[in-house]
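Engineer: Generate a structure from the sequence data that follows.
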Amino acid sequence: MNATVTADTTVDENIYNSYYQDENFPAPCNKQGVKAFKGLVLPPLYFLVFLFGLLGNSVVVLVLFKYKRLRSMTDVYLLNLAISDLLFVFSLPFWAYYSADQWVFGLGLCKIISWIYLVGFYSGIFFIMLMSIDRYLAIVHAVLSLRARTVTYGVITSVVTWLVAVFVSLPGLIFSTCFTEDNHIYCKTKYSLNFRQWKVLSSLEINILGLVIPLGIMLFCYSMIIRTLQHCKNEKKSKAVKMILAVVVLFLGFWTPYNVVLFLETLVELEVLQDCAFERHLDYAIQTTEALAFVHCCLNPVIYFFLGEKFRKYIIHLFKTCKVSFVLCQYCRLLQIYSPDTPSSSYTQSTVDHELHDAL
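Structural biologist: Presented below is the predicted three-dimensional model:
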C-alpha cells in the first residue's frame, strides 16, 4: 500500500525511452507485469482475508463479552487484539478494489483508510507483544504479578498502546494523497520534501516497531516461560509449549518476509541496489509478502483462542444456542466431545495450573 511514488507526469513511453538511450541513460524500468499480477492475485486474497478475519475476530469479541466478561488483564488484551484485527480487515475491501482497478473513493477516504490500515497494523503487533508479557508474568512470576495483572492496569496499558499506535501512524494520515498518473488514479504515500529520507525512516519504523522490538520481547518472554514449564510437573505443560512455539513460528513466518523485503526496498531507495530486474522481483515480493502478512490477522483467533480448551467450549456453546448453526453442526463430533457442561478445573489464581489453563 505504501509503494514508492514516481513523478506525477505523463510522458510518451517511446519518446522517453529514446531520450534516455540517446543520452546514454538507462531506460526506465517497466513494471507492467507487476501491476497485472497485483490486479489478478490480490483482490480475491484480500476478500478471503476480510471474510475469515471478520468472522473469527467478531466471534472472539462476542465470546469475550458474553461468557468471559473481561474479568482479567488477559481478557482485556484479547479483546483489544481482536478489535485491532477488525480495524485492520475493515480496510481490506478498499485495497482489494484498488488493486483490481484504481482508487475511486476520493482523497478523504484515501487518508482515512491508509491511517486505519497502519493503526490496525501497529496496534495488532503491540497487543501480541503485551500478551507475551502478560503470559510471562502469569507463569514465571505468578505470585508477584497478582497485583499488577488486573483489569484496571490492562485498560490503562491498552489505552497507552492505542495512543502510541495512533501516533506512529500519523504519517500515513498526513502524507497519503491521491494523484493521477498515466490516466490512473493512485492512493499512495507521497512526501513533498525530503522524500527519500522520509521513505527510509518509514521503512525503518516498520522494521523496528513491527518486527525487531516485538520479536525480541517475544523470544525473551517465551524462552523464560518454556524454562519455567520444564521445572513444572503439569499435565498441560506439553500443550502450553506447543502453543508457545506456534505463536513464535507463525509470527516469524508471516511477518519476517515482509520486513526483509521492506529493508531491501530501503536499500533501493538509497541506491545501494540498482538493477531493473531486481526491482521488478522486489515489487513482486512486496505484494506477495504483504498479502501473506495480512493473513496473520485471521490466525490470531486460532492461536490465541481456539487452541484453548475453555474458549473452544464457549464457541461450541455459542453455536449450539444459534438454531441455524445447530442444524448445520448437529452431527459434528466436536459438539459431543467438548460439551460446555463438562466441569472445569477449580480457580486458584496463585497457582501455575490456573495460569496455564487461563492462557490456553
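Engineer: L144 and H296, how far apart?
Structural biologist: Distance of L144 to H296, given as Cβ to Cβ, to the nearest Å: 32 Å. Quick note: C-beta positions are derived from backbone N, CA and C, even for glycine.
Engineer: neighbour count winner among those two?
Structural biologist: It is H296, of L144 and H296, that has more neighbours when counted by other Cβ atoms under 10 Å, with 22 against 10.
Engineer: Spit out the contact partners of that one.
Structural biologist: Residues in contact with H296, defined by Cβ atoms under 8 Å, 6 or more residues apart in numbering, are 250-251, 254-255.
Engineer: Can you list phi and psi of it for me?
Structural biologist: Backbone geometry at H296, expressed as degrees, to the nearest 10, gives phi -60, psi -30.
Engineer: Just the pLDDT for it.
Structural biologist: pLDDT, H296: 84.
Engineer: can you check I315 too?
Structural biologist: If you check I315, the pLDDT there is 73.
Engineer: Mind telling me what element it is part of?
Structural biologist: Remark: I315 resides in helix 309-321, with elements defined by DSSP states H and E.
Engineer: do the same with V143
Structural biologist: Using DSSP H and E, V143 is not contained in any helix or strand.
Engineer: Against R149, how distant is it?
Structural biologist: From V143 across to R149, the span is 11 Å (Cβ to Cβ).
Engineer: List the buried residues for the helix ranked longest in the chain?
Structural biologist: In terms of residue count, the longest helix belonging to the chain (DSSP state H) is helix 106-140. Residues of helix 106-140 classed as buried: 110-132, 134-140 (neighbour count, 16 or more other Cβ atoms under 10 Å).
Engineer: Restricted to helices, list the contacts of H296.
Structural biologist: In helices, defined here by DSSP H, the members of the contacts of H296 are 250-251, 254-255.
Engineer: Make a markdown table out of the residues you listed and add pLDDT, neighbour count and distance to S91.
Structural biologist: Formatted as a markdown table, the ones in helices among the contacts of H296 follow (pLDDT from 0 to 100; neighbours: other Cβ atoms under 10 Å; distance: Cβ to Cβ, whole Å):
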| residue | pLDDT | neighbour count | distance to S91 |
| --- | --- | --- | --- |
| L250 | 84 | 16 | 22 |
| F251 | 82 | 22 | 21 |
| F254 | 88 | 17 | 18 |
| W255 | 85 | 20 | 18 |
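Engineer: So, low pLDDT: which residues of the stretch 101-250 of the chain?
Structural biologist: Along the stretch 101-250 of the chain, the model assigns pLDDT under 70 to residues 192-196, 233-241, 243-244.
Engineer: one more time with 80, if that's ok
Structural biologist: Residue ranges of the stretch 101-250 of the chain with pLDDT under 80: 190-203, 230-248.
Engineer: would you list every one of the helices in it?
Structural biologist: 106-140, 151-168, 170-175, 195-207, 213-230, 237-269 (DSSP state H, counting those that start in this stretch).
Engineer: Those helices: which one's closest to Y186?
Structural biologist: Nearest to Y186 among the helices of the stretch 101-250 of the chain is helix 106-140; the distance by Cβ to Cβ comes to 9.0 Å.
Engineer: could you check the angle helix 195-207 makes with the closest one?
Structural biologist: Angle of helix 106-140 versus helix 195-207, following axes from the mean of the first three to the mean of the last three Cα atoms, to 10 degrees, is 30 degrees.
Engineer: Next, the angle helix 237-269 makes with helix 106-140.
Structural biologist: Inter-element angle recorded for helix 106-140 and helix 237-269: 140 degrees (by the same axes, to 10 degrees).
Engineer: State the number of residues packed around A277.
Structural biologist: Using other Cβ under 10 Å, A277 has 8 other residues around it.
Engineer: Find the helix or strand that it is a member of.
Structural biologist: Assigned by DSSP H and E, A277 falls within helix 276-301.
Engineer: Serialize the ones in helices among the contacts of H296 to TSV and add fields for distance to V155.
Structural biologist: Output for the ones in helices among the contacts of H296, formatted as TSV (distance: Cβ to Cβ, whole Å):
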residue	distance to V155
L250	27
F251	25
F254	29
W255	27
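Engineer: Excluding chain neighbours, what is closest to P301?
Structural biologist: Nearest residue to P301 in three dimensions, chain neighbours excluded: G56, at 3.8 Å (Cβ to Cβ, 6 or more residues apart in numbering).
Engineer: Let's verify the one you found: helix, strand, or coil?
Structural biologist: Three-state assignment for G56 (DSSP: H, G, I helix; E, B strand; the rest coil): helix.
Engineer: Buried ones in stretch 92-108, by neighbour count?
Structural biologist: For stretch 92-108, burial by neighbour count (16+ other Cβ under 10 Å) applies to 92, 94-99, 103.
Engineer: before we move on, what about stretch 35-45?
Structural biologist: Residues 37-38, 42-43, 45 are the ones in stretch 35-45 that count as buried (16+ other Cβ under 10 Å).
Engineer: Among these, which ones are in helices?
Structural biologist: Within the buried residues of stretch 35-45, residues falling in helices by DSSP H are 37-38, 42-43, 45.
Engineer: No more questions from me, cheers.
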